[in-house]
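In: Below is the sequence, then the predicted model.
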Amino acid sequence: MNNSLNKENDQFLATIKSTIGKDIIETKAFFNDYQIIVPAKKIFDVLTKLHGNSYFAFDQLIDITAIDYPEKSTRFEVVYLLLSTITNQRLTVKIYVNEGELVQSSVSIFKSANWSEREIWDMFGIFFSGHPDLRRLLTDYGFEGHPLRKDFPLTGRVQVKYDTDQNKVIYEPVNLVQEYRDFDFLSPWERPLNKEMNDTGDKN
């Protein structure tokens, strides 16, 4: 990375620090991509400053997503992707939250946060306080659990089917009619040993 780019990065991050102040935990820069980490309880204030500051002019929230790290003391990472359509600058803002910890909704700052927060609530169970309509977005109304958590079973917990006796759709515990099979071979060209033996045609 050349000196001029280093200087530009340092100046941008210094301006962010002076604007947000002590609420910044960490800053990173890679070429002209910037990332900051802030306390979860300060996310609303930080987004308000970044949105309203004329120098940054982060007028669009591209997306909010989350990552589950069950082995960490602070389980969830919530990631906000900001864009300035004036300067074409992007910024990633991260927070870390624990199970059951509330995150203040940013819908009043960015309307695009509405469905993103609903999706995160649906998939991870992270609750956004102050959201105008925090319903599930992708799963059924009676769905149990949050599918993108690492501890959620791959098969799910319930299955949906139409019951001809009751003439309605019902939920019931998952029933796998096919036993588990492991196809994790050393290479995609390997086959089970018994298959190879059958192919050789042992006639004795």
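Out: Nice, thanks for sending it over.
In: how about the strands in the chain?
Out: Along the chain, the segments classed as strands by DSSP state E run 26-30, 33-37, 60-68, 76-83, 90-97, 103-104, 128-129, 158-163, 168-173.
In: buried set for the longest one?
Out: Residues of strand 60-68 classed as buried: Leu61, Ile64, Ala66, Asp68 (neighbour count, 16 or more other C-beta atoms under 10 Å). No exception for glycine: its C-beta is placed from N, CA and C like everyone else's.
In: of all those, which comes closest to Asp163?
Out: Ranked by distance to Asp163 (C-beta to C-beta), the buried residues of strand 60-68 are led by Asp68 at 34.0 Å.
In: lowest-confidence helix or strand of the protein?
Out: In the chain, no helix or strand scores lower on mean pLDDT, DSSP states H and E than helix 193-200, which sits at a mean of 58.
In: separation between Asp23 and Lys49?
Out: 9 Å (C-beta to C-beta, to the nearest Å).
In: Need the residue closest to the centroid of this protein.
Out: Nearest to the mean C-alpha position of the chain, by C-alpha atoms, centre = their mean, lies Ala66 at 2.2 Å.
In: need the contact list for it.
Out: Phe76, Glu77, Val78, Val79, Ile120, Met123, Phe124, Ile126, Leu148 (C-beta atoms under 8 Å, 6 or more residues apart in numbering).
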